[in-house]
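Colleague: Fold the following for me, if possible:
(one chain, ligands or ions: 1)
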Amino acid sequence: MKVLVTGGAGFIGSHLVDRLMEQGYEVRVIDNLSAGSLNNIKQWLDHERFEFLKGDLRSKEVAKKAVKDVEVVFHLAANPEVRIGAQSPGLLYETNVLITYSLLEAIREEEVQYLVFTSSSTVYGDAKVIPTPEDYAPLEPISVYGGAKLAAEALISGYAHTFDIKSLVFRLANIIGERSNHGVIYDFINKLKADPNRLEILGDGTQKKSYLHVSDTVEGMLFLFEKFKEENKTYDVYNLGSEDWITVKEIAEIVSEEMGLSPEFYFTGGVDGGRGWKGDVKFMRLSIEKAKRKGWKPKMNSYGAVRRTVQELLRTLE
Ligand SMILES: O=c1ccn([C@@H]2O[C@H](COP(=O)(O)OP(=O)(O)O[C@H]3O[C@H](CO)[C@H](O)[C@H](O)[C@H]3O)[C@@H](O)[C@H]2O)c(=O)[nH]1
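Modeller: Sure, this is the predicted structure:
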C-alpha cells in the first residue's frame with residue numbers, strides 16, 4: 001500500500017515514517033524542510049520503497065503531485081509554534097488551514113481513500129472539563145494556532161462527508177521525544193547550555209499539561225487507524241495523550257537533574273495570570289477513554305516521557 005506523509009521529515013512525521021517503513025508500506029514524504037530535516041529520514045532516502053519530495057503544499061500543483069497514486073494521506077505538515085500566533089497569525093493560517101485545503105482539493109481530485117490528520121489539544125482552549133473528552137463543547141480555542149487546527153478539522157469533516165474521503169483526526173497532547181526541535185524541554189536544555197547557573201521559566205511555572213512520548217503517539221495513531229478502517233466510518237476524532245500531567249517547574253527540575261545542574265529558577269511572570277505567552281493553555285489533560293476502549297493506551301506517563309526525552313535530546317543535540 002502506498003502512503004503519503006506530509007511533514008514526514010519533521011519530528012512526529014519522521015517517527016511515523018520509521019514505523020510505516022518497518023511495516024512494509026511504500027512511503028512518499030513531502031516536506032518543505034522549513035522545520036523538518038533530511039537528517040531525520042536519512043536511513044530511508046535510498047530505500048526502494050521510499051520517495052522524498054521537497055515542496056510546499058500551499059501550491060495546489062505540488063499537492064496534486066504529492067497525493068498521486070496513494071491510498072492514505074497522513075497529514076502532519078504544519079507550523080507547530082503556538083506562541084507565534086500573536087505576531088504572525090497569517091503564517092499559522094497558511095501553514096495549517098491553507099495547506100489543508102490545498103491537500104483536500106488534491107485528495108478529492110485524485111480520489112484518495114483515507115486521510116489521517118494530526119490536530120491538537122489546543123482546539124479545546126481553556127476547557128472547563130478536565131480530563132477533556134472529544135465531545136467537549138463549546139470548542140473555543142484561545143490561540144490562533146488552536147483556531148487554525150480547528151478550522152482544518154472542520155474543513156476535513158466537510159470534505160469527508162461531501163466527497164466520501166474517510167478521515168481520521170487525532171487531537172494530540174504535548175508530544176515530546178527524540179528529534180523534537182522546539183518546545184519546553186528543547187528550550188530548557190538550550191538555555192541551560194548557555195547559562196548553567198540560571199534558568200528562565202516563562203509564565204509562573206504552574207502551567208500543567210499532559211505529555212506523550214512520540215513512540216506512544218505513533219503507535220496509537222497506527223493502531224487506531226486500523227480500527228477506523230475496520231469500522232468503515234466516514235469521520236472520527238480521537239484524543240491522544242497520557243493520563244497524568246506535569247508542571248513546567250517540575251519539567252525544569254527534571255531537565256536540571258538530568259544535566260547534573262542546580263540552577264536558580266527565575267520566573268518571567270508571563271501574561272494573563274502566569275501563562276507563558278498569549279494563547280498558552282494553562283491546564284491541559286485529555287480524556288483518552290475513547291482510545292482506551294479500542295485497546296490503546298500509552299506505555300509512558302508524562303513524567304516518564306519527559307525524563308526519557310531529556311535523555312534522548314541530551315544524547316543527540318550538539
Ligand atoms: O522556554 C520555555 C518554553 C515553554 N515554557 C512553558 O512550557 C509549556 C509548554 O510549552 P511548549 O512550547 O512545550 O508547548 P505548547 O503547549 O505551546 O504546544 C505544544 O503542544 C500543543 C498541544 O498541546 C501543540 O499542538 C503544539 O504544536 C506543541 O508545540 C508552556 O506552558 C510554556 O509557557 C516555558 O516556561 N519556558
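
Colleague: Can you check the pLDDT for residue 279?
Modeller: Residue 279 carries a pLDDT score of 95 in this model.

Colleague: Number of residues surrounding the closest residue to it other than its chain neighbours?
Modeller: Of all residues not flanking residue 279 in the chain, residue 143 sits nearest, at 3.0 Å (C-beta to C-beta, 6 or more residues apart in numbering). Quick note: C-beta positions are derived from backbone N, CA and C, even for glycine. Residue crowding around residue 143 was assessed by other C-beta atoms under 10 Å; the count is 24.

Colleague: Phi, psi for residue 143 please.
Modeller: Phi and psi for residue 143, reported as degrees, to the nearest 10, are phi -130, psi 160.

Colleague: next one: residue 159
Modeller: Here is the backbone geometry of residue 159 (degrees, to the nearest 10): phi -70, psi -40.

Colleague: In contact with it: list those residues for me.
Modeller: If a contact means C-beta atoms under 8 Å, 6 or more residues apart in numbering, then residue 159 has 104, 107, 108, 165, 167 as its contacts.

Colleague: For the residue of the stretch 201-318 of the chain found nearest the ligand, give its distance to residue 123.
Modeller: The shortest separation between the stretch 201-318 of the chain and the ligand is 1.8 Å, found at residue 276 (distances taken as C-beta to the nearest ligand atom). Computed as C-beta to C-beta, to the nearest Å, the residue 276 to residue 123 distance reads 19 Å.

Colleague: try residue 191
Modeller: 29 Å.

Colleague: out of the two, which sits in the busier spot?
Modeller: Using other C-beta under 10 Å as the criterion, residue 191 and residue 123 rank with residue 123 on top: 26 against 17.

Colleague: Show me what from the stretch 101-250 of the chain comes close to the ligand.
Modeller: For the stretch 101-250 of the chain, the contact set with the ligand under C-beta under 6 Å from any ligand atom comprises 120-122, 172-174, 183-184, 187, 201-203, 207, 209, 248.

Colleague: what bits of the protein have low per-residue confidence?
Modeller: Residue ranges of the chain with pLDDT under 70: 318.
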